[in-house]
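K.L.:
pasting the sequence and the predicted coordinates here, then a few questions.
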Amino acid sequence: MRQNGFVRKFFVCVNLLLLLLTQTACAAESDCDIPRQEPLSASSSLHLLESVGAVWDSSPPTSGPHYPIAPAGGVYDFTLSPLEQVAFLESGGVIVQYHPNRIENNLGKLTLLANNNVIVSPNPTLDIPVIGTAWTWKISCKNFNTTALRGFITDYVGKAEANHRK
């Protein structure tokens, strides 16, 4: 009997520990929403040299008119124009934009995400601290979350060509 009580208490403790770990993991993931696909803009085939009269379906855009040549990946200290953003996304890149006044001390960690296929850029017009965009995909983060952003980058970098043909 005594051994039975010990086993029961052990399993209760293990289940409580698992529940606590699950809630902690979910809380971290809830910093960012689930990536959502946006409709492909009808103007995505337009290659423009200037943005006069150009309209994008979302801000920041995930498709639409764009420059014929994409900017290089890396860290930028200025906001890219929608034409530059969409050109980079069409080339298969991912852009992580942040509101400069809302990321606290995470800029160093954020810039570590940048590479040839990822742009990290400030955008003071954002209404949320961090947004990741890929061709027709977006993730919004109310708090900085390296794991969620790295997952988004892994899932969507290089995927534009397949989505562009839909």
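P.N.:
Cool, got the structure.
K.L.:
when you work out contacts or count neighbours from here on, use the C-alpha atoms and nothing else.
P.N.:
Fine.
K.L.:
how about the helices in this protein?
P.N.:
Ranges of helices within the chain are 2-29, 82-90, 107-111, 146-156, 160-164, based on DSSP state H.
K.L.:
out of those, which gets the lowest mean score?
P.N.:
Lowest mean pLDDT within those: helix 2-29, at a mean of 53.
K.L.:
could I get the contacting residues of Ala87?
P.N.:
Applying Cα atoms under 8 Å, 6 or more residues apart in numbering to Ala87 gives the contacts 66-71.
K.L.:
how about the contacts made by the residue positioned nearest the centre of the chain?
P.N.:
Nearest residue to the geometric centre of the chain (Cα atoms, centre = their mean): Gly132, 2.4 Å. Gly132 is in contact with 94-97, 138-140, 149, 152, counting by Cα under 8 Å, 6+ apart.
K.L.:
what's the ChimeraX syntax to select whichever of those residues are buried?
P.N.:
A single ChimeraX command is used to select the members of the contacts of Gly132 judged buried by 16 or more other Cα atoms under 10 Å:
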select :94,95,96,97,138,139,140,149,152
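K.L.:
quick one: which of the contacts of Gly132 is nearest to Trp56?
P.N.:
Among these, Lys138 lies closest to Trp56 (Cα to Cα), at 14.2 Å.
K.L.:
just checking, Pro122 touches Asn101?
P.N.:
No: using Cα atoms under 8 Å, Pro122 and Asn101 do not qualify as a contacting pair, with a distance of 9.6 Å.
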